[in-house]
Structure formats: C-alpha cells, structure tokens
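Undergrad: A predicted structure for the sequence below; I have some questions about it.
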Amino acid sequence: MNDAGITHVKSVCNMCQCADTGIIGHVKDGVLVKVEGDPECTPTFGRQCVKGLSAPFVPYNANRVLKPRKRTNPEKGVGVDPKWQEITWEEAFDIIVPELKRVREQNPLGLMFNFFDYPTYQFAVPWAIGFGGQLYFGGATWCGWYHNTAYQYHLSFFREADYANTNYILLWGAQAGHIVDALPVHSAKSMADARARGAKVVVIDPVMTPAASLADEWVPIRPGTDSALALCFWNLLINEYELYDVDFIKGKTNGPYLIGPDELYVRDPETNKPLIWDATAGTAKPFNEVKVADTALDGEYEFNGVTVRPAFSLMKEHLKTYSPEYVSPITTVPVDTIRRVCRDFGEAARIGSTIRIQGEELPWRPAVLLSGRGPTNHRHSQHGVFAIEGLNALIGNLNMPGGTLGFSTNYERRWGCTEDADGIALSPNSTYWHFGAMDTYPAREPKKPAWYTLFDLCPVATYSDNFFPMMQALPEEERKRFGLDYDVEFFIVTHSNPTIAYVSPHEMAEAYRKIKFTLVFATELNETVEMADVVLPNAHWTERHDPMANPPFKFEAVGEHDWYWFYRRPMIDPPHPDIKHWCDTMIELADRAGFLNDVNMLYNILNELNGSEQQLDLDKRYSWVEMCDAVMQNRYGVSVDWYEQNQTQVFTQEKSLQEAFPGPFVPGRYNIYFEYWKRVRPDLERVVQELGIDDVWDLDDYTGLLDWKPCPSYEPKDGHDLFAVNYKVACHTFSHSYLNPLQLEIGHTYPWIYGLPIHTRTAAERGIKDGDEVWVESEFGYRVKAKAHVTEGIHPEVVGTAGFGGRLTHGEKKGRLVGPNWNSLISTKLDRMDKMNSSLDACVRVKVYKA
Amino acid sequence: MTKWGMTIDLKRCIGCQSCTMACKTHNGTPAGIFFRRVVEKEFGTYPNVRRTYTPVNCMHCDDAPCVANCPAGVFSKRDDGIVEYDAGKCYGARVCRMVCPYNAVSFIEKIEPYDGEAFIPPEKYWYEKYEAGTAVKCTFCADRLADGLKPACVKTCPTEAMAFGDLEDPESDVSRLIRKRGGQPLHPELGTKPNVYYLS
C-alpha cells in the first residue's frame, strides 16, 4: 500500500463491548485502510488485539445497510426473505412516528427497547423511560451477566485482578488476561507480566480453552457443578485448613452477626441493629460496638430466651456436607486435586501479610479468583455466583492489593461507599444503576411485575433480562399469569441481535414475529434485521462520534493504573449519506412523536444535570454530541472541545492510593450469609401467591446459606448423554464478528474455533474420527451439524463450540455460515432459569452421532 | 553494522493471533496470504494436556535456502540481515516454497475479493503492490523500519511477547533476552542460521 496521502485519526476501538483501546485509524481518500494501537494511549500500552485490527473490513461489508428500508413480505422468520423495499427517511418517519404515538397513547409499556451499546447508555435509558417503555439489554446468554450480582463484593459492576501484586490467579470458567473479559488488551500484558514474575495460573473449565491450555494447571469439571466445588473449597478452607481471613470475616463481613431460629438477624431491641456476640464481655452487643478481637464467630448462645448462633458458625456446620468425597463424584474432579488446588489458593493468599505501597502499609492478599459466564449461568446460579466469587471474601482479598479490584462505577472517579443501618456496605453513588443494572443489596420491594423482564419478581438481582424473551415466547394465557396483560407492540433493536443471541433462533423468531412492529437500527443484515418492519441505517463505530466512549462502569484499569475517559471520534464518513448515528435518529423520533421534553427531563435526572450549568432545556432539541458534552463537562470536567484541541482520544488522571486499593478504606461489611434473601422471601411469596404462579416460581433458593443444586441438564436424558457448552476465543466477540471476513480467516487457523471439540475416547466410542461431520442433537430435539475436532483437551462428557458460529441470515454469504450454532441447541424454558436472577443454563444435554 | 533479529517469548504468547492480524492489515495481503502464522500443537493425555502456540514468520536466515535456490534471484540478503524479495523477478517457479523449512514463503495464486464478487474499498489499496503468480514473505516490515518503527507484529502484541532489535548490539533488547533466557532458533539443526530466537 502506498502510504502517500494517508491521514491518521485517533479514536477508540469498539470491536467488542470492552472499548478499552486507544487506536489510530489510517485513512486514505476517505477509506479506512488500517487500524493500530495508539502508542500514546497508556491504558492499553499502545497495543491492539486481533479483533480491533480487523476493523477496516467492517464498514464496507457487502451486507451493509445503506438506506432506510421496509419489508414487503408480511411473513417473518429466520431465513425468510423480507423482500425489502428501500424508502426515504421521510417515508420511514411516516411509518414509524404514528406507531410510536399510538403505542405511547394506548400503553407506553408496549414499547420494548433492546440495545447493547455501552457509549449510549446515558442516553438510551432516558429515552426509553421518557417514552414510558421498557428496556431489555442485549448480550443475553453470552456475557457472564449473572456473576455481576456477586460484584457487590467489590462495590462495583465488574472486577479485575490486581495482576501487579498477585501471585496466584484462579480462573474459574474465565479467560481474563487472554483477550477476553473486561479489559482484554490491558489485562493481557498485565497477566503476562505477572506470570513472568512467577504468578501461578490455574483454570477450572470443562473445556481446555486458550487460557486453560496455557495455565500451570487445567482442572476439567463437569458443567453445572462448579458451585459444589466452590462450596467444598469453603468447607476445606474453613473447617480443615483454617486458611481464611479471620479478622476480615469478623470485621468486614456479616459472618459474626447472630442468627435466630427464623434464620434472620437477631436485633438489638433498642437500636434494631444486628447483634454480635462479644466473647470477652460474654454478651450480645450491636455490631458496631464490638471490637474485632472480641468478636465471636463460633458458639451457641442464649439471647432473650432464644438460642442464637453467629452466621459463620451456621455456615461452618452447613458446609461440612460439601466434603471432597461428596463433591468429587458430582464434579468429576479427583479428591486429591480438589484438596491441592484449594490449599494452594488459600496458602497463596498469605493471610495476615501486608505490603507497603506509596509509603502505606496495606493488607496484601496475593491470590485472586475470577469467574466467568459458564459456571455462573445456570438455574440456581444466584447461589453459584456467591459460592464462587465469595471465596475472594473468605480470603479477604476484596479491593485489596494482590486481590480482586472492582471498577469504580462513577464518571467522576469517586468511590464514596457507605453502609446501611445494618452495617452492610453499599455501592458508591453509582452511575450504573442509571443504565439498567441495579444494585443487588438491599433487597427491593417485590411487586406484581410491570415489565416483561419480571424485575419486580427478582428483588435481589442485578437484572433479570432473560425473562423478556421467555415471556415473549410464552402463549398469551401463560404470560398473563405473571400479570403481563398487555402485548409488546413496538420493538426497537439497536446494537443487538436478540434473535440469535439467546436461544434457538427459530424459537425466538416465533416469539418476535408476534410483535406488531419492529424497528431495527442496522449497520448490516443479520437475523434480527430480517425480522424488522422498518430498518434504519446506522453508523458503524468507525464512523461514530461517541464522546463518552467508556462502558458506563469502567473508567480505569484497576490498581495503580490511571483513571481514563475515552473519546471516540469518527475515523471515516459512512459509505452513504443516509447513514446516521442512531441516537440522533432517536432524538428526531422523540421530537416528531412529541415526547422530547420527557426524554430531556429524564436525561437531566438520570445524569444528575439538574441545577447545573449543563442542565438541558426541556423543549430544546440537542444533537447527540451536545447531549454527551453536557454530561462530560458536568461529571468529569472535560469537554468535546478539549479532546479536539488536544487531538487525543483519552483523558487520564492519576489515582490516589485510596482509589487504587479501596478495600482497606471503605466502610461496611459484605454478605457471606444471605439474610436479606431470607428476609425478602415472605413479601415475594405473597406476590407470587397473589399472582397464582407458585407452581412455577419456586422460592426455595431464598435462603441464608448457600447450596449447590443440580441444574436440569445434570442428569442424562433419553440417550442425550453428553453436555454441549460454548466458550470464548480471542478472534471473535458476540455474533457480529462472524460477519468480518478477516476474523473468519483467522478463526479457520485453529480447529477448535469452528470445529466441535470432542474427547478422543468419546469420539472413538461413537466411531467418530477427526474431521468427520457429526450431528449434535439436543434434548429439545434441535440439532446442528459440525465438524468433529478430536482432542484430549475437553472433558469426556462434553462437546464444545466457540461463540456464535453458524449464522443463519438469509442474506449471508456462504463463507460466514461457519461452525455450529450453539444457541440453536437450547430452548427458553422457565425450568432452565434461575428465578432469582433469570440466568439460563449454559449447558445442555446432547447426543452426538455421525452425519 | 546492524543485524536485525527478533525474539518470541513462548511464555508470554497466548496464541491470540493479534500479530497475525497486525501483519495482515499492515501488509495488506490478499485472502489466504499470511506472512506469519501461529502454529498450535496439543500435547499429553487428559487431563494432563496442554497446547502450545508458536508464532512463525520468515526467520531471515543467514544461509537462507530461498536466497540460494531461487532460479530467478527473487530473494537476497540485505546488509542488515533482512531477506528481501523482488516480486518483479518472480516467474512462479515456487522453489522457495519447497526449500524453506519454515514454510515462511507464500505464493499468490490469485487475488480475489475476500467477500463476494467485488473488492471493497480497503482492498483496492491493499493489493496494489501484489501481483498474482508471485512469491511474497515477511520483510521484518522493512517499510516500518525505514521510518524508525518496529515490525507491526512486535508493535501490536498485547502481551509484549516479541522483541526486535540489533543482534550485533550486545545491549539491545533482543541480545539481552537471548543471553538471559537462552534463546534458541527454531530447528537450528537445519543449519540455515535463523535470526528469530525463541524464548521458552
């Protein structure tokens, strides 16, 4: 390529949702010809990953949507030709706006807005709420959404390892540091540095993922049994090895709180504060009046004539069930391995040790556990996520040097954590709840559900979005049992592909075809676009101006690395003048449909602009960039002009020690006994009974103590003797990356990306040889064809597929239909879902046979 | 005199292929043509099994078989150690493909659009320097070196698994890493005297 005439544009990658890489776009004659990491972007060390580098091929995709279009074929379904007709923007508005007005007038909840576009959360939520509609965040079963619930331990929405100070990294169904997870590029170097220092990595996973293949040890496990193993670790660390942070448990958890026969806190009659047993004084006192040294964790006491015990004492006894000998047959992990890995983890934590950083002596817990989607997306996974992530609390590494560090959720870099009257830590004044994900403590009041996501029935969930597609799929009479006596009539989708991203695309197409009107903002054709009534052309991220480019929960690389605020400027113009940023279109829609003032009002409220210089005038129509600029200036003091004047894409600030390692400095305790679940149960039970759904909405998981229960796929069914799972790989993300020919070309170089890994012995038993075409047929009767990759690197009971292969769009090029589509094997069934948080089983029983 | 060389730290490499993609997008190679690749190999039996990832590009050998055997004289050794090529001389004998023990030379059979019938805009710029029926390979990004930059693969690697520098300079990163970590070329027994060293 002749370099003459190339201009360089600094921007921010958004090839995956992580948006953590400052890039330089090389543009020639208006064409993006190359992307590279910006050497001046310190948060990512000037590096770039395999996905982002392939960006030049996306905007010019042959399936790019260039103009508005409407369908002329009323029949909708996967692979059904919509018989598109291109229309003008005015014609599109003439179709959309009257429908918007009608739905808003009749029942605004009839609008469901599905998006998964991080740089627009601060706008999309006010738009939807301003309309009066509902929200459904995409990502569905792919992101490990449900482990976020346990990040109350980090007072955050997400976490990372303090690679700089840790010595032991336990990746539990996760691949942090391997170009997946929340900080792909930053963490890859940080992990490599840690390993070069001698840090040990152990991976627990049914599949020998790239991370597992490079680990010091790979521990294969039967899918869906991870929390049994985690509870065994609790048992061993507490009852046998005594490798837990006693002072942390006493002073920073609710472990010492006294529990009565009703499994609830025993409270001080005068102050209503939970009580702790003061072992020195021999009496119960409010939690805030007992020194750590005097705090009892064991024993049984009398208080006001009632026998009470510290929660930790109850846990110790309860956990004894989870012996290695009991857990080993469940998980298939040998007893010796369980004991060794558990002891290594506990010993690596160096409980009681300290480290001097910036002149201050801080607790040092150089062992971390990071979990991912697989182990934490199952029925009963609310218990699972706390069983697994809670091990970090047990060794006292929460937000401590060497341990797990949460991302601050504030635009303004503040932590500002508080505690409630019960002494439990509360997340800082977070921005993320504005964006749909709610804090998980304390429990919210259960109510008859207003939204299809049944959020009101999930009082301790971060979110419960998986219930929307399930409810939409249910027959009307069954859905009405949940109090949802209205139809979703207007479906807006942007930056999401819910038809293929959740369960069987054919099942979801059936569900979504029931919606009267679907509007999709599209960069290119996909399975959901082809369900649309009207499609509006959307700018690709390389063409977008997103002044607030961070995900709304991540403004830092954790630890002593800087705060950063990214700014995405367009590197190129869209390939057609009809293509716009979808947020500008939404502003115009709100204006034309007469509710822009409500959007502006909600924008002011949710972004805390009221009373500030940047407060929006309710009746004024602002551009997308102007709306972002108002929040930027108000929340972190940097304007669009600043980035343009400095021709940079990142604004950084150094952290204080307290910001780098908040653990020793934040008030409040963490839940290791789940009294708040137990406490909310009666109120939830009342709502469930009033609705008459107690036959399907079990409340058995609302207990104070954690347990493992088998998910529905645990037992083989009717000859379906194997599990199918899927896993992440560096070169792909979500479904859209399967539209990029460069990523596909790279993917073909490893047999475990588009092939079906199957264990050598399992394959031999079925007469399957490497490269054979096989059918994978699930217990739901669905099947996909795949090419067998015979390997030792997978649990013998498991077959795997990577990501979202096997795209099904009518307009797709043949080359893109690579790999088996895992989602095509699974079904949306209530009994497959966790009622506390809506997570769906990330494994399914299958049989595999030669095609 | 500078002698360019590279180290690849197999303990830092995670097989993510960012280097492969950086190479492809910097050099703008046609579909199916890679100047570097990552070779994966599985070892052991369940559960004591692991997979290795070995990035491979032209080793810029001192005794390069491609230089010695190409009937058209396409390949030559520069003073700075880079094995360069002149595609204009290539008439497609493909001896280079047969003699290179590292499978580091590619041959462009044809130049076709990646996706569909027509070239997309970046492809029009990418392929202007290539011709079907000629041999191509890694040049250690000689164009970047001329601008004082490191090869695209080295620059992009998220784990900083690769270093690049002057093997004649004992204080260069590559020389120090080779000394400290006992760096070895791939298959030194083949006698081609490669200038890419692996650290394991």
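TA: Received, thanks. Numbering: from 1, shown residues only, chains lettered A, B, ... in the order given.
Undergrad: Point out where chain A drops to low pLDDT.
TA: Counting by pLDDT under 70, chain A has low-confidence residues at A:1-2, A:139-142, A:144-145, A:411-415, A:429-438, A:809-817.
Undergrad: Domain parsing of it, as residue ranges.
TA: The record, using automatic domain parsing to delimit domains, assigns chain A the ranges A:6-57, A:722-850.
Undergrad: start to end distance for the longest one?
TA: Spelled out, that is domain A:722-850. Across its full length, domain A:722-850 reaches 15 Å end to end, with C-alpha to C-alpha, to the nearest Å as the criterion.
Undergrad: same question, stretch A:148-164
TA: From its first residue to its last, stretch A:148-164 covers 23 Å (C-alpha to C-alpha).
Undergrad: cool, and stretch A:241-253?
TA: Stretch A:241-253 has an end-to-end distance of 20 Å (C-alpha to C-alpha).
Undergrad: Run through who's touching that stretch.
TA: The contact list for stretch A:241-253 (C-beta atoms under 8 Å, 6 or more residues apart in numbering or on different chains) reads A:237-238, A:255-256, A:292, A:295, A:297, A:312, A:342-343, A:346-347, A:349, A:351-352, A:363, A:365, A:393-396, A:398, A:668-672. From N, CA and C alone the C-beta is placed, and that goes for glycine too.
Undergrad: hang on, the earlier thing: which of the domains of chain A sits closest to A:N148?
TA: When the domains of chain A are ranked by distance to A:N148, counting by C-beta to C-beta, first place goes to domain A:722-850 at 9.2 Å.
Undergrad: what sits against the closest residue to chain B within the stretch 451-600 of chain A?
TA: Sorted by distance to chain B under C-beta to the nearest C-beta, the residues of the stretch 451-600 of chain A start with A:P575, at 8.1 Å. A:P575 is in contact with A:P59, A:Y60, A:R64, A:L66, counting by C-beta under 8 Å, 6+ apart.
Undergrad: B:G81 now?
TA: When contacts are counted by C-beta under 8 Å, 6+ apart, B:G81 touches B:T2, B:K3, B:W4, B:G5, B:H60, B:D62, B:L167, B:N195.
Undergrad: which of the residues you listed sit farthest apart?
TA: Looking at the contacts of B:G81 by C-beta to C-beta, the two members farthest from one another are B:T2 and B:D62, with 14.2 Å of separation.
Undergrad: so the spatially most central residue of chain B bridges to which residues?
TA: Computing the C-alpha centroid of chain B and ranking residues by C-alpha atoms, centre = their mean puts B:N57 first, at 2.5 Å. Taking DSSP bridges, one obtains B:R36 as the residues bridged to B:N57.
Undergrad: from memory it sits against B:C23, does it?
TA: Yes - counting by C-beta atoms under 8 Å, B:N57 does reach B:C23; the two are 7.4 Å apart.
Undergrad: Give me the distance between the closest residue to A:N167 other than its chain neighbours and A:T404.
TA: Sequence neighbours aside, A:P366 is the residue nearest to A:N167 in space, at 4.2 Å (criterion: C-beta to C-beta, 6 or more residues apart in numbering or on different chains). Relative to A:T404, A:P366 is positioned 11 Å away (criterion: C-beta to C-beta, to the nearest Å).
Undergrad: out of these two, which sits in the busier spot?
TA: Per other C-beta atoms under 10 Å in any protein chain shown, whichever of A:P366 and A:T404 has more neighbours is A:T404, with 28 against 24.
Undergrad: give me the beta-bridge partners of that one?
TA: According to DSSP bridges, the residues that bridge with A:T404 are A:A161, A:L398.
Undergrad: What distance do you get for it to A:A150?
TA: Distance check for A:T404 against A:A150: by C-beta to C-beta, it reads 10 Å.
Undergrad: residues contacting the residue nearest to the centre of chain B?
TA: Going by C-beta under 8 Å, 6+ apart, B:N57 touches B:M6, B:C23, B:F35, B:R36, B:R37, B:A104, B:C138, B:C153, B:V196.
Undergrad: Which neighbours do B:N57 and B:C23 have in common?
TA: Common contacts of B:N57 and B:C23, defined by C-beta under 8 Å, 6+ apart, comprise B:F35, B:R36, B:C138, B:C153.
Undergrad: For A:N610, see how far away the second one is.
TA: When distances are taken as C-beta to C-beta, B:R36 and A:N610 turn out to be 55 Å apart.
Undergrad: in chain B, which spans are strands?
TA: With DSSP state E as the criterion, chain B has strands at B:4-9, B:36-45, B:48-57, B:75-77, B:83-85, B:105-108, B:134-137, B:162-166, B:184-185, B:196-199.
Undergrad: In a markdown table, list those strands along with distance to A:P39 and mean pLDDT.
TA: Shown next, in a markdown table, are the strands of chain B (distance: least, C-beta to C-beta, whole Å; pLDDT from 0 to 100):
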| stretch | distance to A:P39 | mean pLDDT |
| --- | --- | --- |
| strand B:4-9 | 19 | 98 |
| strand B:36-45 | 21 | 97 |
| strand B:48-57 | 21 | 97 |
| strand B:75-77 | 31 | 98 |
| strand B:83-85 | 26 | 98 |
| strand B:105-108 | 29 | 98 |
| strand B:134-137 | 26 | 98 |
| strand B:162-166 | 15 | 98 |
| strand B:184-185 | 29 | 98 |
| strand B:196-199 | 23 | 98 |
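Undergrad: A:Q175 is nearest to which of these?
TA: strand B:48-57 (13.5 Å).
Undergrad: can you give me the angle that closest one makes with strand B:4-9?
TA: Using axes from the mean of the first three to the mean of the last three C-alpha atoms, to 10 degrees, the interaxial angle of strand B:48-57 with respect to strand B:4-9 works out to 170 degrees.
Undergrad: How about A:P39: what's its closest non-neighbour residue?
TA: Nearest-residue entry for A:P39: A:G46, 3.8 Å, with adjacent residues in sequence omitted and distances by C-beta to C-beta, 6+ apart.
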